[in-house]
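Student: Have a look at this prediction, sequence included:
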Amino acid sequence: MSGIIDFANAIFKPLIDLGAAPMMLIVLTIIALIFRVKFSKALEGGIKLAIALTAISAVIGLLTTAFQDALNAFVKSTGIQLSVTDLGWAPLATITWGSPYTLFFLLVMVIVNIVMIVLNKTNTLDVDIFDIWHLAFVGLLAMFFGANLLITTILVIFIGVLKIINSDLMKPTFNDLLHAPASNPMTTTHMNYMMNPIIMVFDKLFDVIFPWLDKFDFDAAALNKKIGFWGSKFAIGIYLGIFIGLLSHQGVKEIFTLSFTAAFCLELFSLIGSWFIAAVEPLSQGITDFANKKLKGRTMNVGLDWPFIAGRAEIWAAANVLAPIMLLEALVLPGNKILPLGGIIAMGVTPALLVVTRGKIIRMIVIGAIELPLFLWAGTLSAPMVTETAKKLGAFPKGLASGTMISHSTMEGPVEKFLAYLVGNASTGQIKFVLYAALALIAYLLIFIWYAKQMKKRNKVYADEAAAKAAK
Amino acid sequence: MFKILAACGAGVNSSHQIKDALETEMSNRGYDVQADAVMVKDITEDMLKDYDLFTPIAATDLGFTPSCPVVDAGPILYRMPAMAKPVYDQVEQAIKDSGKA
């Protein structure tokens, strides 16, 4: 046994010692080659990933350095302890893809997806390879809190299977929202829709208590048109620079510098995010070709990234309205340490609200405001892991205060992060956590089963309507 | 040059796949095409005036009627060439119709 470990160390230790960017260049290139991607394409993807990792580290460093003094002064002058900087999704995605475990969880989920298709447990082929990072993040978090690889993999498979089942459950609703025919193959296994069960609980309560509020639904597209560029990434950076600058009593010149720094960093995070998606693209195509070959041309639904419903104006209207609400909640929420910045336009929150409420905008906003604390707490919970991983990537400048942390305010899958926390701690043998983790997993499964029943009822209504239409 | 605007949720993933696919395929078919990728929510009437074609993933409610033709490009994301071909054909037709072929 020790011989095997020594052999593995001899091969992998020099690779790990190179650092995350060179290591992922090599690992991603090799994995893409295994999936029969052409060498030049595989290498191109590997190099792009390494560049994206290096670039995101540099921009995180710029942002955290520029805001450090102002945030310290902000805490002193306001007494509000929001010490975690919200970087939005792109840096977290890059950090997660900087771990070889992400590729391991990807391979596991490709196999799980194919097995489920072969066993007729799903009709969705997930080609959204990039977004495996949401699930991998949960796995990394569980490991950070103490879970071993076996327990983590079981947790990842458990949540991953429910995600795939959810994609089938949501399919008719997507057709309805897109006014698309049943032949439309678009669906998604995206993690943000794992909030559907909890949202549905509130939606059912809404049906009983506040159904009259639906009368006040407004034209979401008209609101978005009025907001225009004022809701763009760089505008949000400007607002936050002004907000923090004023409350931390900075001078006019410093406020301008903070605003412009936040604005360009938010723009760059997205730009670098696109490089890194391009990096994974050859592997994504390789895996899709592999899966299609294994499935021998069987016709099925295709699991995409969530934005195929981004054309629904309610998603953006709700996100725009929820942004100031989240800022207020963040200031007063006990236990929250995140000051919303990069994630303040809650793209990880509103698509699930759209699917469950089917576009009832007032419900989306009210339920969104109720569930936002879960996201803020989950972001706070994840901050130590994100910060430690970023430090390993060299993304933290040396002069920063030790208490400075980074995270994401509206990252998809807050409930799954709490599960990772409980399962991780339970794995260390603490009886209290074993009990909590068991209860939480059972509750998570039971609420999903209840939600699945509700969705099946909804889908039967869709099917009956389609049958009645066809009979006319 | 024929200018295309692709759009998705964050302006970095699906829209970039569409942008890259359209630029590659239209170049292979002999057309001079440039595509940009943006967030759906950042699209304004003024912005669309600079483009010859809008290619969202699926039906998109912008709050106004686009001044240029629209082709739903979602099938490109399925990663299956046979399903993407009708989209490419529609884009090629739009290029021909624009007189910029």
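Tutor: On my side now, so go ahead.
Student: Secondary structure class of the most far-flung residue of chain B relative to its centre, three-state.
Tutor: The outermost residue of chain B relative to its centre, with distances by C-alpha atoms, centre = their mean, is residue B:63 at 18.6 Å. Following DSSP: H, G, I helix; E, B strand; the rest coil, residue B:63 is assigned to coil.
Student: And the one 5 residues further on, by the same measure?
Tutor: Reduced to three states with three-state DSSP, the structure at residue B:68 is coil.
Student: got a list of what it touches?
Tutor: The contact partners of residue B:68, by C-beta atoms under 8 Å, 6 or more residues apart in numbering or on different chains, come to B:48, B:49, B:51, B:52, B:53, B:54. C-beta here means a position set from N, CA and C on the backbone, and glycine is covered the same way.
Student: Could you give the separation of the lowest-mean-pLDDT helix or strand in chain B from the chain centroid?
Tutor: Scoring the helices and strands of chain B by mean pLDDT, DSSP states H and E places helix B:45-48 at the bottom, with a mean of 90. Averaging C-alpha positions (C-alpha atoms, centre = their mean, to the nearest Å) puts helix B:45-48 14 Å from its chain's average.
Student: Now it: buried residues?
Tutor: Buried positions in helix B:45-48, judged by neighbour count with 16 or more other C-beta atoms under 10 Å in any protein chain shown: residue B:48.
Student: And for stretch A:382-395?
Tutor: Result for stretch A:382-395 [16+ other C-beta under 10 Å]: buried residues A:382, A:383, A:385, A:386, A:387, A:389, A:390, A:393, A:394, A:395.
Student: Mind naming the longest helix for chain A?
Tutor: Longest among the helix segments of chain A by residue count, using DSSP state H, is helix A:252-294.
Student: swap in chain B?
Tutor: Chain B, longest helix under DSSP H: helix B:81-98.
Student: Spit out the contact partners of the residue nearest in space to the middle of chain B.
Tutor: The residue lying closest to the centre of chain B (C-alpha atoms, centre = their mean) is residue B:55, at 3.0 Å. Contacts for residue B:55 (C-beta under 8 Å, 6+ apart) come out as B:4-7, B:18, B:22, B:35, B:70-73, B:87, B:91.
Student: Now do it against chain A, distance only.
Tutor: 12 Å (C-beta to the nearest C-beta, to the nearest Å).
Student: what's the nearest residue to that residue if we skip its chain neighbours?
Tutor: Spatial nearest neighbour of residue B:55, chain neighbours left out: residue B:73 (4.1 Å); criterion: C-beta to C-beta, 6 or more residues apart in numbering or on different chains.
Student: That neighbour is in contact with residue B:19, isn't it?
Tutor: No. At 9.4 Å, residue B:73 does not count as touching residue B:19 under the criterion of C-beta atoms under 8 Å.
Student: neighbour count winner among the two?
Tutor: More neighbours surround residue B:73 than the other of residue B:73 and residue B:19, with 30 against 26 (other C-beta atoms under 10 Å in any protein chain shown).
Student: how about the more buried one, phi and psi?
Tutor: The phi/psi pair for residue B:73 (degrees, to the nearest 10) reads phi -110, psi 10.
Student: and the residue nearest to residue B:55, how far is that from chain A?
Tutor: Going from residue B:73 to chain A by C-beta to the nearest C-beta gives 10 Å.
Student: which residues sit in contact with that residue?
Tutor: B:6, B:18, B:22, B:55, B:56, B:57, B:87, B:91.
Student: How much space separates the third one from residue A:471?
Tutor: In other words, residue B:22. To residue A:471, residue B:22 is 41 Å away according to C-beta to C-beta, to the nearest Å.
Student: again with the fourth one
Tutor: Residue B:55 sits 36 Å away from residue A:471, taking C-beta to C-beta as the criterion.
Student: do the fifth one as well
Tutor: Using C-beta to C-beta, we find residue B:56 at a distance of 33 Å from residue A:471.
Student: all strands for the stretch 101-250 of chain A, in order.
Tutor: Assigned by DSSP state E, counting those that start in this stretch, the stretch 101-250 of chain A shows strands spanning A:124-126, A:186-187.
Student: As JSON lines, those strands with mean neighbour count would be great.
Tutor: Below are the strands of the stretch 101-250 of chain A laid out as JSON lines (neighbours: other C-beta atoms under 10 Å in any protein chain shown):
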{"stretch": "strand A:124-126", "mean neighbour count": "28"}
{"stretch": "strand A:186-187", "mean neighbour count": "24"}
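Student: looking at those, which is closest to chain B?
Tutor: Closest to chain B of the strands of the stretch 101-250 of chain A is strand A:186-187 (C-beta to the nearest C-beta; 6.0 Å).
Student: can you list the residues of the stretch 351-472 of chain A near chain B?
Tutor: Within the stretch 351-472 of chain A, the residues that sit near chain B (C-beta under 8 Å from any C-beta of the partner chain) are residue A:351.
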